[in-house]
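K.L.:
Fold the following for me, if possible:
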Amino acid sequence: IDTTMQPVAVFAGLQLATQPRVRITDDMAITVDADFTTVVNAELVSTSNPRRAVLLGDISVRCCWGQCLFTDLGVSKAGEAYVISFWAPGLVSVVSEPFEVLGPSRIAVSVNPEGGLTTQLLETQPIVRITDERGTLMTECQEQSCHMDSGAVVTAVIKDGTGGLPLAYLQGNQTAVVVDGIANFTDLSVFGAGRGFVEFGYVLVFSHVELYLAEAETFSVKYPPGPRAPIVYAKVLLFGIRRQRFGIPQQQVFRRVIARRATAEEIETTDEEVILLTAEERLNEPADAGAGRRSVANALSGLLRRRRLLADPEGLAVAFHVECATEEEALEVRELLEVMLLLDGELARELALDGLLIEGSLLLEGPTAYSADGQELFQPVTRDNTAGIVGAVVGVLLAIACGFGCYVSWWKARKRALIQSEDEDDLMWAIGVEYPKDDVDAALPWMAEKVLDKENRFVEEALSLRSISSKA
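P.N.:
Take a look at the predicted model:
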């Protein structure tokens, strides 16, 4: 098969301006004019048809005198380089030269949406336009006439994996009719997942079954502020997880675990009271070494793993707070969370029980309790001094016991060292004799000297009295 006339197109959906023509030839490229039976088929080459356009018209013709004429072929969608293949059973096929089909091909975003409060209309409604492959506005494109098989209506949806999906959804009229090549959306709004979640930005996708998709720029939605209440704030670094894997389902697990650990006998914390504030990837930044040391100190078994995590602190930094009914409840919740967040591996274990797997965690900030007006709360000093009194009494008793023991020891040592005589001057006769029952000869020499000194003084006094008497 050989081509004798190449196809030329004008607009999508219309017949080609120049219809292709082929002939049956022999090995010498001479037309086999005796051929009246061969049926030649035409089809678009798949590699030239990324939009999956359809070749319109009668795609099979019977040859006459070796000539095969196509009369009403057309292409359903615009494109830059379509190629038609012509083939027949038992013959070598041939392809046409690439040709362009004009018409609507793409959707382009003229005005990007801008978010507002959830459930309220977007502050800026999106506007899109229909263009050809070169980006030229297709002004002739209307709802019922746009060189396409279906009506010119554009649909808007939230892109998978963005915003608050799967809990969020788009409200309002999600389809817009094309007028003069432009489609205006007028009442779109986003019902978000909730103020307790971190939504990583919404992306709207605009589509038409026969056109290339278009994505708008990322935007976010806001939530009305919650009631002022005492809170407990904390920030943790989750290892082994990235932002794209911390979607709404994973955040639901995180909130549920925090709420469960912030519940005590008289305190019931719900998931709705756990508010995630931020979730930001942290790559090779220095971590809070103090918090790391506290965590390591609580579990020596995880020392090597903790050192590795501190040396390479990559992960997802998640900040959150827990709303409490009273300041006393906030202080108790702070103590409950502190136990879990400081223990090495405890948060990872709790998350794993609910299906969220991470390698570990590191406490970056808090947990800290705040009052409704933002003042940090501290555990008040109780006026019940019973414990203090009991402690003081125990201390005194211990001191008395210790003093008595020291006194007994000292008294025994004294008895071993000092023994008094029973004379009139209470003279110590012996040192180093525990129970002296002997005479003066058992005393130490220096005590004997004292006795001699006393006798000498007595003799001197007697001599002095005699001298006075003789003079008289």
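K.L.:
where in the stretch 101-250 of the chain is pLDDT low?
P.N.:
147-151 (pLDDT under 70).
K.L.:
now do the stretch 301-450 of the chain
P.N.:
Counting by pLDDT under 70, the ranges of the stretch 301-450 of the chain that qualify are 301-313, 381-388, 410-450.
K.L.:
try 80 this time
P.N.:
Low-confidence segments of the stretch 301-450 of the chain, defined by pLDDT under 80: 301-314, 344, 379-395, 399, 401-450.
K.L.:
Break down it into its strands, ranges please.
P.N.:
The residue ranges that make up the strands of the stretch 301-450 of the chain, judged by DSSP state E, counting those that start in this stretch, are 315-323, 360-370, 418-420, 428-431.
K.L.:
Switch the ones you listed over to TSV; also include distance to residue 190 and mean neighbour count.
P.N.:
For the C-beta atoms, the positions are set from N, CA and C on the backbone; glycine is no exception. Written out in TSV, the entries for the strands of the stretch 301-450 of the chain read as follows (distance: least, Cβ to Cβ, whole Å; neighbours: other Cβ atoms under 10 Å):
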stretch	distance to residue 190	mean neighbour count
strand 315-323	23	23
strand 360-370	30	22
strand 418-420	97	14
strand 428-431	100	18
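K.L.:
Out of those strands, which is closest to residue 188?
P.N.:
Smallest distance to residue 188 across these (Cβ to Cβ): 30.1 Å, for strand 315-323.
K.L.:
Next, the angle from the closest one to strand 360-370.
P.N.:
Between strand 315-323 and strand 360-370, the angle formed by their directions is 30 degrees, by axes from the mean of the first three to the mean of the last three Cα atoms, to 10 degrees.
K.L.:
who's in contact with strand 315-323?
P.N.:
Outside of strand 315-323, the residues that reach it under the criterion Cβ atoms under 8 Å, 6 or more residues apart in numbering are 198, 226-227, 229-243, 246, 254-255, 258-259, 262, 269, 273-282, 333, 337, 362, 364-365.
K.L.:
For it, enumerate its sheet partners and note whether each is parallel or antiparallel.
P.N.:
For strand 315-323, the paired strands and their directions (DSSP bridges) are strand 231-239 (antiparallel), strand 274-282 (antiparallel).
K.L.:
so of those strands, which one's packed in deepest?
P.N.:
Ranked by mean neighbour count under mean count of other Cβ atoms under 10 Å, those are led by strand 231-239, which reaches a mean of 23.
K.L.:
Give the buried residues for the helix or strand just after it.
P.N.:
Taking DSSP states H and E as the definition, the helix or strand that follows strand 231-239 towards the C-terminus is helix 248-261. Under the neighbour-count criterion of 16 or more other Cβ atoms under 10 Å, helix 248-261 has 248, 250, 251, 252, 253, 254, 255, 256, 257, 258, 259, 261 buried.
K.L.:
What is helix 248-261 packed up against?
P.N.:
Here helix 248-261 is seen to pack against strand 274-282, strand 315-323, helix 327-342, helix 346-353 when contacts are counted using 3 or more Cβ pairs under 8 Å, 6 or more residues apart in numbering; DSSP states H and E.
K.L.:
Dump the strands of the stretch 301-450 of the chain into TSV; add distance to residue 127 as well.
P.N.:
Compiled in TSV, the strands of the stretch 301-450 of the chain are given as follows (distance: least, Cβ to Cβ, whole Å):
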stretch	distance to residue 127
strand 315-323	36
strand 360-370	43
strand 418-420	111
strand 428-431	114
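K.L.:
Which of those strands sits closest to residue 394?
P.N.:
Of all the strands of the stretch 301-450 of the chain, strand 360-370 sits nearest to residue 394, with 32.4 Å by Cβ to Cβ.
K.L.:
just checking, what packs against that closest one?
P.N.:
In this structure, strand 360-370 packs against strand 231-239, helix 289-298, helix 303-311, strand 315-323, helix 327-342, helix 346-353, with contacts taken as 3+ Cβ pairs under 8 Å, 6+ apart.
K.L.:
7 Å - rerun?
P.N.:
In terms of contacts (3 or more Cβ pairs under 7 Å, 6 or more residues apart in numbering; DSSP states H and E), strand 360-370 is packed against strand 231-239, helix 289-298, helix 303-311, helix 327-342, helix 346-353.
K.L.:
Compute the inter-axis angle for the first one and helix 346-353.
P.N.:
When the same axes, to 10 degrees is applied, the directions of strand 231-239 and helix 346-353 differ by 80 degrees.
K.L.:
try the longest one
P.N.:
In this structure, helix 327-342 runs at an angle of 90 degrees to helix 346-353, with the same axes, to 10 degrees as the basis.
K.L.:
on that earlier part again, put together TSV for the strands paired with strand 315-323, with distance to residue 143 on each row.
P.N.:
Listed next are those as TSV, based on distance: least, Cβ to Cβ, whole Å:
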stretch	distance to residue 143
strand 231-239	50
strand 274-282	43
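K.L.:
Show me the one of these that comes nearest residue 157.
P.N.:
Distance to residue 157, taken as Cβ to Cβ, is lowest for strand 274-282 among the strands paired with strand 315-323, at 24.3 Å.
K.L.:
how about that closest one as CSV, C-alpha atoms only?
P.N.:
This file holds the C-alpha atoms of strand 274-282, laid out as CSV (Å, rounded to 0.1, in the frame of the first residue of the first chain):
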residue,chain,number,x,y,z
VAL,A,274,-7.1,17.2,70.4
ILE,A,275,-6.2,19.9,67.9
LEU,A,276,-3.3,19.4,65.5
LEU,A,277,-1.7,22.7,64.8
THR,A,278,1.2,22.0,62.3
ALA,A,279,2.9,19.1,60.7
GLU,A,280,6.2,20.1,59.1
GLU,A,281,9.0,18.0,57.7
ARG,A,282,12.2,18.4,59.6
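K.L.:
Residues in contact with it: which ones?
P.N.:
When contacts are defined by Cβ atoms under 7 Å, 6 or more residues apart in numbering, strand 274-282 is touched by residues 195-198, 237, 242-243, 246, 251, 255, 258-259, 313-323.
K.L.:
looking at it, residue 237 is touching residue 364, isn't it?
P.N.:
Yes - taking Cβ atoms under 7 Å as the contact criterion, residue 237 and residue 364 are neighbours in contact, 5.5 Å apart.
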